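*Asks:* After the sequence you'll find the predicted model.
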Amino acid sequence: WTVDKNVDNLRNYPQITQSTQMLIRNEVVAFPTETVYGLGANAKSDEAVKKVFMAKGRPGDNPLIVHIASRTQLDELVEDVPGQAERLIEAFWPGPLTLIFNKKQGKLSDLVTAGLETVAIRMPDHPVALCLIQESGLPIAAPSANTSGRPSPTTAQHVKDDLSGKIAAIVDGGATGIGVESTVLDCTENTPVILRPGGVTREEIEAVIGEVRVDAALKNKAAAPKSPGMKYTHYAPKAPFILVDGNLSFMQELIDEKKLQGLKVGVFIAKEHENEIKADYILAPGTSSDLYTVATGLYDTLRKFDELEADFIFGEVFPVTGIGEAIMNRLLKAAGHEVVKQM
Ligand code: TXA
Ligand code: MG
């Protein structure tokens, strides 16, 4: 099937009606959003939410994002919507911005929020996601639909590779667009704090509400992150992955050194550099002049190195502006913060 952009035209597709019934029966269903595929469950049900943690192998202290399709749903779940959050909702919902609010008691399974007094909420900008939420009439808890620690899924095949046999269904809506997860912003503080950089950039947020803070843990890996999920290793390919902060001849020396050891070397690089380097597997998801192209192909590229069975992977350092902030956050996490710097 091809996904109709109009939610109204999707309602009667069997993929939607069957998945809606599964969600209502507290089964877990993977579906596309504009960022990555999510693994959805009825956020009101302990039974359903438990299945999400089980299928992903996700630690129980890492809370889930609740997905909604209307403003009324937000007011049912949270204590208050601060003025700044109001303006961000106006500007970016539906879209890749998750906001943290003080939660109302007794509205959601406590497992969703992992015992916190706050709840993360977003309204996704994808017709399939919106249709499932509307038709089920439920708030849908949905983490990325990968096995915990693996790169997030941007195609239905990625979800299948990780979770086949562990979940009730996957709604295939093709490849997701943005390719990195939503930005997580804590609005319970006077000056909002970015807990995870993502699809909406810091610059875009600051254009609406003025200066925001960035969680110290994102800059200094020793600090304890406020977003529990940010403390776990993530997105990592199976082979050792190291970022290279230097020019191409420096990178080539590092590659040649590994090749002398008989290793199959992979390189994650910008398109404009792919012909200037020699390695066993050269994967270039996009170009530095349009970083959104790198974001779109980021996770698929990390997964490809696993399929190719590279023994060692080097990655280029991308500019940390705009969406580059999210790209470098994910690459640094995938590399366990290992960066070799040219002297
Ligand atoms: O784009 C996305 O956000 C995707 C799609 C499926 O919507 N979802 C996603 O969910 O990335 P997940 O579970 O993989 O990441 C949720 C992040 C985690 O880092 C988690 O710790 C944080 O949000 N989070 C959730 N609730 C929180 C809370 N109450 N306070 C602070 N951080 C929270
Ligand atoms: Mg995730």
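*Replies:* All right, it came through fine. Ligands and ions are numbered 1, 2, ... in the order given.
*Asks:* from here on, contacts and neighbour counts on C-alpha atoms
*Replies:* Will do.
*Asks:* For the protein, which residues are neighbours of ligand 1?
*Replies:* 35-38, 62-65, 100, 113, 118-120, 142-144, 181-182, 226-230 (Cα under 6 Å from any ligand atom).
*Asks:* And those residues, which of them are buried?
*Replies:* 35-38, 62-65, 100, 113, 118-120, 142-144, 181-182, 226-227, 229-230 (16 or more other Cα atoms under 10 Å).
*Asks:* Among those, which lie within strands?
*Replies:* Counting by DSSP state E, those place 38, 65, 100, 118-120 in strands.
*Asks:* Surely Ala239 touches Ala310?
*Replies:* Yes. Ala239 is within contact range of Ala310, at 6.5 Å (criterion: Cα atoms under 8 Å).
*Asks:* In terms of neighbours, single out the busier of these two.
*Replies:* Ala310 (20 against 16; other Cα atoms under 10 Å).
*Asks:* how about that one, secondary structure?
*Replies:* coil (DSSP: H, G, I helix; E, B strand; the rest coil).
*Asks:* which residues are contacting the least confident helix or strand in the chain by mean pLDDT?
*Replies:* Sorting the helices and strands of the chain by mean pLDDT, DSSP states H and E puts helix 216-219 at the bottom, at a mean of 82. Identification of contacts with helix 216-219 by Cα atoms under 8 Å, 6 or more residues apart in numbering yields 195-196, 223-226, 329.
*Asks:* What residues of that helix count as buried?
*Replies:* In helix 216-219, the ones that count as buried by 16+ other Cα under 10 Å are 216-218.
*Asks:* gap between it and the chain center?
*Replies:* Counting by Cα atoms, centre = their mean, to the nearest Å, helix 216-219 is centred 18 Å from the centre of its parent chain.
*Asks:* Downstream of it, the next helix or strand is which one?
*Replies:* Using DSSP states H and E, the helix or strand that follows helix 216-219 in sequence is strand 241-245.
*Asks:* Could you pull out the buried residues of that following strand?
*Replies:* Buried, per 16+ other Cα under 10 Å, within strand 241-245: 241-245.
*Asks:* and what of stretch 152-161?
*Replies:* So, applying 16+ other Cα under 10 Å, buried residues of stretch 152-161: 152-156, 158-160.
*Asks:* so which of those residues would you say is closest to ligand 1?
*Replies:* Distance to ligand 1, by Cα to the nearest ligand atom, is smallest for Ser152 among the buried residues of stretch 152-161, at 7.7 Å.
*Asks:* Might you report the residue contacts of that closest one?
*Replies:* Residues in contact with Ser152, defined by Cα under 8 Å, 6+ apart, are 36-37, 144-146, 235, 299.
*Asks:* Kindly indicate which of those lies nearest ligand 1.
*Replies:* After measuring the contacts of Ser152 against ligand 1 - Cα to the nearest ligand atom - the closest member comes out as Ser144, at 4.2 Å.
*Asks:* If we ignore the residues flanking it in sequence, what's nearest the closest one?
*Replies:* Distances taken as Cα to Cα, 6 or more residues apart in numbering place Gly38 nearest to Ser144, at 4.4 Å, with adjacent residues excluded.
*Asks:* Tell me which of the buried residues of stretch 152-161 fall in helices.
*Replies:* When DSSP state H defines the helices, the subset of those inside them is 156, 158-160.
*Asks:* so what's the nearest residue to Val128 once chain neighbours are set aside scoring on pLDDT?
*Replies:* For Val128, ignoring the flanking residues on the chain, the nearest one in space by Cα to Cα, 6+ apart is Pro32 at 6.7 Å. In the prediction, the pLDDT value recorded for Pro32 is 98.
*Asks:* For burial, what's the neighbour tally of Pro32?
*Replies:* 31.
*Asks:* now Ala114
*Replies:* 17.
*Asks:* wait, what's in contact with the residue nearest to the spatial centre of the chain?
*Replies:* Of all residues in the chain, the one closest to the mean position by Cα atoms, centre = their mean is Glu181, 2.6 Å from it. Contacts were defined as Cα under 8 Å, 6+ apart; by that measure Glu181 touches 35-36, 96, 198-199.
*Asks:* let's go with 6 Å and repeat that
*Replies:* Counting by Cα atoms under 6 Å, 6 or more residues apart in numbering, Glu181 makes contact with 35, 198.
*Asks:* which stretches of the stretch 151-300 of the chain form helices?
*Replies:* 156-163, 202-209, 216-219, 248-260, 291-308 (DSSP state H, counting those that start in this stretch).
*Asks:* buried set for the second one?
*Replies:* Going by neighbour count (16+ other Cα under 10 Å), the buried part of helix 202-209 is 202, 205.
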